[in-house]
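Trainee: sequence and predicted model, in that order:
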Amino acid sequence: MLGLNITRVKYCKTSSLFSGHIQRNQFNNSSATHNYDYDLLVIGGGSGGLACSKEASSVYQRRVAVLDYVTPSPQGTKWGLGGTCVNVGCIPKKLMHRAALVGHTLREGPTYGWDVTTPPSNDWSTLVGAVTNHVRSLNWGHRVQLRDKGVEYINARGRFIDRHTVACVDGKGTESVVTADKVVVAVGGRPTYPEVPGATELCVTSDDIFWRSEPPGRTLVVGASYVALECAGFLTGLGYDVTVMMRSIPLRGFDQQMAELVVDNMTSQGTRFIKGRIPRGFSKRSDGISVTHSSTAHQSSDLLEETFDTVLLAVGRTPQTKPLNLQSAGVETDERGRIVSGDVIELERTTTDNVFAIGDVLQRGLELTPVAIAAGKLLAGRLFGGIQTQMHYDGVPTTVFTPLEYGSVGLSEETALQRYGDSCVETYHAYYKPLEFYIPNADASQCYIKVVCEIVGGEEFVRGFHILGPNAGEVTQGFGVAMATPTLTMDTVRRSVGIHPTVAEEVTKLNVTKRSGRDPTVTGC
């Protein structure tokens, strides 16, 4: 079989756990009939994979294993169980974002009567230590949860031999084989390195920045994705000299009016933006990393050179499907390595009937942790519980944790206009000033809300919600719940009683449309 020297291994840690699994197999005729090692094998220990495995084991009493192994980044960074979100994504990002906001609050302290005699400064090593210690506690918590819910944890890489058989290679190179009735691929993605000389050798990514022991110093962030802008935002807030190099538009896929306001706000807070340029090469110098860049047209006459201490690449992510040998299982992928859905309704179903995929590897999915978790739980229910509920990938709320947070749910204004036409779209908007901005006289020129509506039979149905302001994530979650029903109207929003004085209250007060041409600036309390 592929000329490999492999052995079949049962990954049972204790006899009591093994006994529990034998009892569970009484509920699974397919696994018992074919003598598979597991009813379900999940390849990938990120948020989606863990959610799916725990649901299948604890709720539906199936015999489940999770296969997970973290390949170190080119800079040598590695981490524990939990995937991108826990280790190098949402969790450390939000903590770094919070650290930057604390510094901002300290600088405002004197206006509220606080005696801040020494200008606040951040100690990078202390911050990184606190963040990584919390992450490690989450790593341990995930392992404990798998044990408590009866899920086998296999710390090894996976590679398909056929659609039911997976070769496992651990960190020492020891290879073994497991079989499963059903397999879920949930390996997620890793940062993409551009094909630019020196990129892999000299640059870091979001895989590294949260675990980096040395302060980043003068930093160039390449890219204008939400990862790029979030990292640039908190690094600026922590006191570092930060430049963002963007090839074209910021926050592609998001509402572009909101995206430009995000960039304006970051610029006002000290982040420098170089627009319409791309790196052409990175080289090591005694005083840092030399970056040669040009316009996107790549005219030799417009080459420029700058030096930075750190270069952080955030130009996209690549699904980690290539090492899986998916073709041996009959699973199709596109040119980017994303798994092609074999069903127009159930997107998690691949082109092989017993192999499924969730999370960032999906061709038509969303790269968001809560989406992967929800999809994983629902998939387990369909596979083992007879549940028919599908994951809906439309209308998912999200927030970009830039210094001034941007929350959104539903359609961008551009998409709504394309889908419904100008005569059938009404956009309500407002520039507002949060109460907490008044005493320190903070700049509120980018604090903005808009609600995009589809006009049907005289009714205005809410199809998009966008807010830029403090705590936008908390505000957006509530409106995300409200918009889970397609029948939410603007009239209902306006008839809702606001909580005073809050940012969210401003949504209930919206009364100016773009079509009217009136000034949308809010006055009064």
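Mentor: Here it is on my side, so go on.
Trainee: need the phi and psi values for residue 149.
Mentor: phi -100, psi 10 (degrees, to the nearest 10).
Trainee: so residue 61: helix, strand or coil?
Mentor: coil (DSSP: H, G, I helix; E, B strand; the rest coil).
Trainee: phi and psi next, for it.
Mentor: phi 60, psi 40.
Trainee: adjust the sequence numbering to begin at 550 for everything that follows.
Mentor: Noted, 550 is the first residue going forward, which turns the last one into residue 610.
Trainee: and it, how far from residue 583?
Mentor: 18 Å (Cβ to Cβ, to the nearest Å). All C-beta spots, glycine's among them, are computed from the backbone N, C-alpha and C.
Trainee: what about the protein, any weak spots by pLDDT?
Mentor: 550-582, 848-849 (pLDDT under 70).
Trainee: can you tell me the centre-most residue of it?
Mentor: Per Cα atoms, centre = their mean, the C-alpha nearest to the average position across the chain is that of residue 917, at 4.3 Å.
Trainee: for the closest residue in space to that residue that isn't next to it in sequence, which residues make a bridge with it?
Mentor: With sequence-adjacent residues excluded and distances taken as Cβ to Cβ, 6 or more residues apart in numbering, residue 917 is closest to residue 947, at 5.9 Å. With DSSP bridges applied, residue 947 shows beta-bridge pairing to residue 957.
Trainee: list of residues touching the lengthiest helix in the chain?
Mentor: Assignment by DSSP state H gives helix 673-697 as the longest helix of the chain. With contacts defined as Cβ atoms under 8 Å, 6 or more residues apart in numbering, helix 673-697 is touched by 562, 594, 599, 602-603, 615, 628-631, 635-636, 640-641, 644-645, 648, 701-702, 759-765, 787.
Trainee: ok, stretch 827-835 next?
Mentor: 743, 745-748, 750-752, 771, 794, 796, 838-845, 847, 852, 856, 860.
Trainee: quick one on the thing from earlier: okay, residue 610 and residue 583: which has more neighbours?
Mentor: Higher neighbour count among residue 610 and residue 583: residue 610, with 19 against 11, using other Cβ atoms under 10 Å.
Trainee: please tell me how far that one sits from residue 774.
Mentor: Residue 610 is 41 Å from residue 774, by Cβ to Cβ.
Trainee: how about residue 716?
Mentor: With Cβ to Cβ as the criterion, residue 716 and residue 774 are 34 Å apart.
Trainee: and residue 868, by the same measure?
Mentor: 16 Å.
Trainee: the two: who's more crowded?
Mentor: Between residue 868 and residue 774, counting by other Cβ under 10 Å, residue 868 is the more crowded of the two (24 against 21).
Trainee: quick check: phi and psi on that one?
Mentor: Torsion angles, degrees, to the nearest 10, at residue 868: phi -60, psi 140.
Trainee: thought it was touching residue 909?
Mentor: Yes. Between residue 868 and residue 909 there is a contact at 6.2 Å, judged by Cβ atoms under 8 Å.
Trainee: what is in contact with the two at once?
Mentor: 737, 738.
Trainee: what about the strands in the stretch 750-899 of the chain?
Mentor: Using DSSP state E, counting those that start in this stretch, the strands of the stretch 750-899 of the chain run over 768-771, 791-795, 821-824, 826-834, 837-844, 853-857, 859-862, 866-868.
Trainee: what's the last one in contact with?
Mentor: Residues lying outside strand 866-868 but in contact with it, judged by Cβ under 8 Å, 6+ apart, are 736-741, 882, 885-888, 909-910, 916.
Trainee: now with 7 Å, please.
Mentor: Applying Cβ atoms under 7 Å, 6 or more residues apart in numbering, the contact partners of strand 866-868 are 738, 739, 740, 741, 885, 886, 887, 909, 910, 916.
Trainee: what strands line up against it, and which way round?
Mentor: Sheet pairing for strand 866-868, using DSSP bridges, gives strand 738-740 (antiparallel).
Trainee: centre of the chain versus the strand it pairs with, how much separation?
Mentor: Strand 738-740 has its C-alpha centroid displaced from the chain centroid by 11 Å (Cα atoms, centre = their mean, to the nearest Å).
Trainee: measure residue 941 to residue 1032 for me?
Mentor: Taking Cβ to Cβ, one finds residue 941 at 12 Å from residue 1032.
Trainee: so those two - more neighbours on which side?
Mentor: residue 1032 (22 against 13).
Trainee: is it true that that one touches residue 959?
Mentor: Yes. Between residue 1032 and residue 959 there is a contact under Cβ atoms under 7 Å: 5.8 Å.
Trainee: joint contacts of these two?
Mentor: 944, 1014.
Trainee: nearest spatial neighbour of residue 1050, skipping sequence neighbours?
Mentor: residue 984 (4.8 Å).
Trainee: ok, now residue 701?
Mentor: That would be residue 614: by Cβ to Cβ, 6+ apart, it lies 3.9 Å from residue 701.
Trainee: any figure for the gap between that neighbour and residue 633?
Mentor: Taken as Cβ to Cβ, the span from residue 614 to residue 633 is 21 Å.
Trainee: repeat for residue 777
Mentor: For residue 777 relative to residue 633 (Cβ to Cβ), the value is 15 Å.
Trainee: and for residue 946?
Mentor: For residue 946, the distance to residue 633 - Cβ to Cβ - is 19 Å.
Trainee: who's more crowded, those two?
Mentor: residue 633 (24 against 21).
Trainee: isn't the more buried one right next to residue 737, touching?
Mentor: Yes. Between residue 633 and residue 737 there is a contact at 5.5 Å, judged by Cβ under 7 Å.
Trainee: now do the shared contacts for these two.
Mentor: With Cβ under 7 Å, 6+ apart, residue 633 and residue 737 have common neighbours residue 595.
Trainee: quick one, helices of the stretch 600-749 of the chain?
Mentor: Under the criterion DSSP state H, counting those that start in this stretch, the stretch 600-749 of the chain contains helices at 632-637, 639-657, 673-697, 748-751.
Trainee: who does the last one touch, helix- and strand-wise?
Mentor: When contacts are defined as 3 or more Cβ pairs under 7 Å, 6 or more residues apart in numbering; DSSP states H and E, helix 748-751 sits against strand 826-834.
Trainee: pull out the buried positions in the strand it packs on.
Mentor: 826, 827, 828, 829, 830, 831 (16 or more other Cβ atoms under 10 Å).
Trainee: before we move on, what about stretch 719-727?
Mentor: For stretch 719-727, by 16+ other Cβ under 10 Å, it's 724, 725, 726, 727.
Trainee: start and end of it, how far apart?
Mentor: Length of stretch 719-727, first residue to last, Cα to Cα, to the nearest Å: 13 Å.
Trainee: one more: stretch 696-708?
Mentor: 24 Å.
Trainee: in it, what's buried?
Mentor: Result for stretch 696-708 [16+ other Cβ under 10 Å]: buried residues 698, 699, 700, 701, 702, 703, 704, 705, 706, 707, 708.
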